[in-house]
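1. Got a sequence here, can you model it:
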Amino acid sequence: MDQRNLFLNYWAKEAAATRKVIERIPEGSTYRPDPKSRTAREIAWLIVREETVLGDGLEKGQLEWADEAAPATMKEVLGAYDRQHAAATTKLRAVPASRWEQAVPFVYQGQQVMNEPAYDNAWGFLLDIIHHRGQLSTYLRPMGAKVPQIYGPSADEPM
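-> As a prediction, the model looks like this:
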């Protein structure tokens, strides 16, 4: 199995759990465990942005991060996740397998900060998305929401 197909298999598997966690964030919640922490809505938006930047970046051959404020509501964030995940998946599938081996610069504020193979970038983004999903899952109960099953049962959703 080539790098693209291996990645896309995991990308698809992780997306369902990520969406379940995002959709559980209560509308209007401003919960954050510490003043230095992001709110759940802001973390969910970060996940949307990461997926968007990855899809766009591998399509054009350069990842460019630009900070973008989160929408005002969770409904908007979830809608954006649904649209952007589908769009990013389409773009990632269209990237030729051979290009997954080529270096793709990562640019932030006009400066190249990395220049790794496309597959390294893709895995790095996916692992960071999973990390942030884990953060969000720890926010859910304090916000009064139920934690969904991710890799197996949760205390809120037994098998």
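
2. Show me what the closest residue to residue 116 other than its chain neighbours bridges to in the sheet.
-> Spatial nearest neighbour of residue 116, chain neighbours left out: residue 103 (6.5 Å); criterion: Cβ to Cβ, 6 or more residues apart in numbering. Backbone N, C-alpha and C define where each C-beta goes, glycine included. Residue 103 has the following beta-bridge partners by DSSP bridges: residue 117.

3. Can you tell me the element the residue sitting nearest the centre point of the chain falls in?
-> For the chain, residue 47 is the residue whose C-alpha lies nearest the centre (Cα atoms, centre = their mean; 3.2 Å). Applying DSSP states H and E as the criterion places residue 47 in helix 40-60.

4. Extract the C-alpha trace of that helix and format it as PDB.
-> Provided in PDB are the C-alpha atoms of helix 40-60 (Å, rounded to 0.1, in the frame of the first residue of the first chain):
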ATOM      1  CA  ALA A  40     -14.000  24.100  22.800                       C
ATOM      2  CA  ARG A  41     -15.400  26.100  19.900                       C
ATOM      3  CA  GLU A  42     -11.900  27.500  19.200                       C
ATOM      4  CA  ILE A  43     -10.300  24.000  19.300                       C
ATOM      5  CA  ALA A  44     -13.000  22.600  17.000                       C
ATOM      6  CA  TRP A  45     -12.300  25.400  14.600                       C
ATOM      7  CA  LEU A  46      -8.600  24.700  14.800                       C
ATOM      8  CA  ILE A  47      -9.400  21.100  13.600                       C
ATOM      9  CA  VAL A  48     -11.400  22.500  10.700                       C
ATOM     10  CA  ARG A  49      -8.500  24.800   9.700                       C
ATOM     11  CA  GLU A  50      -6.000  22.000   9.900                       C
ATOM     12  CA  GLU A  51      -8.000  19.800   7.600                       C
ATOM     13  CA  THR A  52      -8.500  22.700   5.200                       C
ATOM     14  CA  VAL A  53      -4.800  23.800   5.200                       C
ATOM     15  CA  LEU A  54      -3.700  20.200   4.600                       C
ATOM     16  CA  GLY A  55      -6.100  19.600   1.700                       C
ATOM     17  CA  ASP A  56      -5.300  22.900   0.100                       C
ATOM     18  CA  GLY A  57      -1.600  22.600   0.700                       C
ATOM     19  CA  LEU A  58      -1.000  19.100  -0.700                       C
ATOM     20  CA  GLU A  59      -3.100  20.000  -3.700                       C
ATOM     21  CA  LYS A  60      -1.000  23.100  -4.500                       C
END
